[in-house]
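S.K.: sequence unavailable; structure follows:
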């Protein structure tokens, strides 16, 4: 079974400096039918104006993954981490017992576009932690590149939950496939372009919840970039 989450039906807020769309309930957007999927709690599609951003704010007991699509994200946190993330950079922050961070568009004149993902941790109250890694586009082009996993395999970021996240960039007509083990579920989020998932067309910003499907066939209908979540 595949259930499409159309881009146009996501929650939307425009604050001038921030244009954000929420796949699941978040902040002022509340929809009981879209509170998350399995351990996946938040997918926010954020566009942040030049020089603007989120001031220092706290988090606890959440695995936060950020994937930069365009521009440069300046990150600072109470763990002492300071970095600038650019396209192809994946970031994982385990909030655990508590962490505070800020996120700003590093550029004074260029826009910033990113996906921020929240995943419920398997265990609460862990020590906060941070990790980042650059995933070159050649490692994502035409293949599913593992960027997050529970054991950090294949050079991925390690997350405290039974979730694997793959990133992929496809040219038109190119396809990839993914096998889902029995009892596993998937979420596909189209960041850019358009794809077909097991015969279902998905456009930019669309998501899809997948259950009871052993095999996923994904074909690009245009130049496409997407994230694929394999979930318990």
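M.R.: Yes, it's here. Since the model is a prediction, treat every value here as computed from it, not as a measurement.
S.K.: neighbouring strands - and their directions - for the strand or helix carrying residue 148?
M.R.: Using DSSP states H and E, residue 148 falls within strand 145-149. According to DSSP bridges, strand 145-149 forms sheet pairs with strand 157-158 (parallel), strand 163-170 (antiparallel).
S.K.: and the contacts of the first one?
M.R.: So the one you mean is strand 157-158. Residues outside strand 157-158 that contact it (Cβ atoms under 8 Å, 6 or more residues apart in numbering): 65, 90-92, 131-133, 147-152. Heads up, the C-betas are built off the backbone N, CA and C, glycines and all.
S.K.: which among the residues you listed end up buried?
M.R.: 65, 90, 91, 92, 131, 147, 148, 149 (16 or more other Cβ atoms under 10 Å).
S.K.: biggest separation within those, which pair?
M.R.: Of all pairs drawn from the buried ones among the contacts of strand 157-158, the greatest distance, 15.0 Å, lies between 91 and 149 (Cβ to Cβ).
S.K.: the closest residue to residue 213 other than its chain neighbours: what's it in contact with?
M.R.: Once flanking residues are discounted, residue 213 sits nearest to residue 180: 6.1 Å by Cβ to Cβ, 6 or more residues apart in numbering. Counting by Cβ under 8 Å, 6+ apart, residue 180 makes contact with 186, 210, 213, 214, 215, 216, 230.
S.K.: wait, which of the residues you listed is closest to residue 101?
M.R.: residue 230 (26.9 Å).
S.K.: bridged to that closest one, which residues?
M.R.: Assigned bridge partners for residue 230, using DSSP bridges, are residue 164, residue 186.
S.K.: can you pull the contacts of it?
M.R.: Per Cβ under 8 Å, 6+ apart, neighbours of residue 230: 163, 164, 165, 166, 178, 180, 184, 185, 186.
S.K.: and the nearest residue in space to residue 207 that is not next to it in sequence, how far from residue 65?
M.R.: Closest residue to residue 207 apart from its sequence neighbours, by Cβ to Cβ, 6+ apart: residue 5 at 4.0 Å. Per Cβ to Cβ, to the nearest Å, residue 5 is found 18 Å from residue 65.
S.K.: name the SS class of residue 138, please.
M.R.: Following DSSP: H, G, I helix; E, B strand; the rest coil, we place residue 138 in the helix state.
S.K.: neighbours of it, how many?
M.R.: 11 (other Cβ atoms under 10 Å).
S.K.: can you check the one 3 residues further on too?
M.R.: Burial measure for residue 141: 14 neighbouring residues, criterion other Cβ under 10 Å.
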